[in-house]
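Engineer: Fold the stuff below for me.
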Amino acid sequence: MPTLLKRFATKIVRRTLLAVLAVMAAANMVSAQTVTVQIQQSTAFVSTSVVTIGDIAKLECANPAMAEKLGKLELDVFSATARRLDVSRQQIFWRLVLAGIDQERLNIQGHDHVAVAFLPESEIDSAITRWLTGELAAGFGIATDSLSVQLPGDPGLQRMRQAWLAMSTNPARLRLPNQLVAGEQSLMLETTTPGGTATLLAWPVTITLQQSVAVARRRIPVNTIITADDVQNVQRPISDRQVRPVSAEEVVGRSVNREFHPLELLDRRSVTTRAVTAAPPVQNAVTVRAGSPVTILHRIGRMEIKIKGGKTLQSGTVGSTVEVENVSTRKRMNCRIVDERTVELIR
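Structural biologist: Okay, the predicted model is just below:
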């Protein structure tokens, strides 16, 4: 038993000595590194409550991995109520010395103080959205409330946040696209590093445009020549690049190649590209006189309901709209004349 205890104790001592030697070797390696710290900005923003050296300065040394580790060293922490901290060059100096960097091999350049502001990620996202919306609205001469910008998810969003925070010290401008269209697209951001190097960043976003578009006032059968009574302009948010809306003024006089239901958006692809010239009036066109008995045709989807006992209260020709009364219920309604004995209810 004493022999086993002696062997066990020897192993523990040996492992402890190896660990100590490893720590001493790492400390010597760190202290032997010449570290240059460049404090390039007098202000900085962070999205977490902990401020690290890397948040406000750039570190350089022979070992890039070591520089990355040193950049993660904590300098200060925001309190529950504080939104701003002042970090000095001396804080950075002593924090690196405590980490094992030899004072003689430590070179700190740049500003003496950095004002650090705490900005949560949600506020950064709101600021980016407001900035992009304002730049696009000003660039294309439209109101800011006529468009909205949706930011992407990670990891693209994280890169956008980092670039936006860097804009507090690095000049940047948005390169406007040739055309402002709804849907997904990449906006290009031109930035300049402190060293003067130009960089082009792609920001993927989804743009929604509030547009004045034509919608059907009532059911429009296929091949119908559109009149001003068939359509109206409304404000609709458009975020799909595939949707090609038109205005009511553009479609009047044209025909549709499919059926449209009330309040349905008219798409450019469903309207003839050229205005349809109406056929010259026929001298002997069928005329329905006021007081004529008619059958009222009511279409609901693919179902047709025929109601007998209708009476026209106005005269008109085929295709025109007249007021019709249901004799049994005394209810009045607007209908389109189909032929001399049939009218179709307009919803």
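Engineer: How about residue 264: what's its closest non-neighbour residue?
Structural biologist: Nearest residue to residue 264, sequence neighbours excluded (Cβ to Cβ, 6 or more residues apart in numbering): residue 216, at 5.1 Å. The C-beta positions use only the backbone N, C-alpha and C, and glycine is treated the same way.
Engineer: One more: residue 75?
Structural biologist: That would be residue 51: by Cβ to Cβ, 6+ apart, it lies 4.9 Å from residue 75.
Engineer: shouldn't the residue nearest to residue 264 be in contact with residue 260?
Structural biologist: Yes: using Cβ atoms under 8 Å as the test, residue 216 is close enough to residue 260 to be in contact (4.3 Å).
Engineer: Quickly note the distance from the closest residue to residue 112 other than its chain neighbours to residue 205.
Structural biologist: Nearest non-adjacent residue to residue 112, counting by Cβ to Cβ, 6+ apart: residue 89, 5.0 Å away. Separation of residue 89 from residue 205 (Cβ to Cβ, to the nearest Å) stands at 39 Å.
Engineer: More neighbours: which of residue 216 and residue 260?
Structural biologist: Of the pair residue 216 and residue 260, residue 260 is the one with more neighbours under other Cβ atoms under 10 Å, namely 25 against 20.
Engineer: Quick check, that one in contact with residue 217.
Structural biologist: No: at 9.8 Å, residue 260 does not count as touching residue 217 under the criterion of Cβ under 8 Å.
Engineer: need the contact list for the residue most central in space within the chain.
Structural biologist: The C-alpha lying nearest the average C-alpha coordinate of the chain belongs to residue 150 (Cα atoms, centre = their mean; 1.5 Å). Counting by Cβ atoms under 8 Å, 6 or more residues apart in numbering, residue 150 touches 205, 206, 207, 208, 239.
Engineer: beta partners for it?
Structural biologist: Here residue 150 sits in beta bridges with residue 206, going by DSSP bridges.
Engineer: how close does it sit to residue 206?
Structural biologist: 4 Å.
Engineer: any shared contact partners between these two?
Structural biologist: residue 239.
Engineer: in the stretch 51-200 of the chain, which spans are strands?
Structural biologist: 58-60, 74-77, 84-88, 106-110, 113-118, 147-150, 172-175, 183-192, 198-216 (DSSP state E, counting those that start in this stretch).
Engineer: Make a markdown table out of these and add distance to residue 249 and mean pLDDT.
Structural biologist: Output for those, formatted as a markdown table (distance: least, Cβ to Cβ, whole Å; pLDDT from 0 to 100):
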| stretch | distance to residue 249 | mean pLDDT |
| --- | --- | --- |
| strand 58-60 | 58 | 89 |
| strand 74-77 | 61 | 89 |
| strand 84-88 | 54 | 89 |
| strand 106-110 | 61 | 91 |
| strand 113-118 | 50 | 86 |
| strand 147-150 | 22 | 88 |
| strand 172-175 | 33 | 86 |
| strand 183-192 | 24 | 85 |
| strand 198-216 | 8 | 85 |
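Engineer: Of these, which is nearest residue 47?
Structural biologist: The closest of those to residue 47 is strand 113-118. By Cβ to Cβ, the value is 7.9 Å.
Engineer: low pLDDT regions in this protein?
Structural biologist: Low-confidence segments of the chain, defined by pLDDT under 70: 1-32, 168-170, 193-196, 240-242, 273-286, 301-302.
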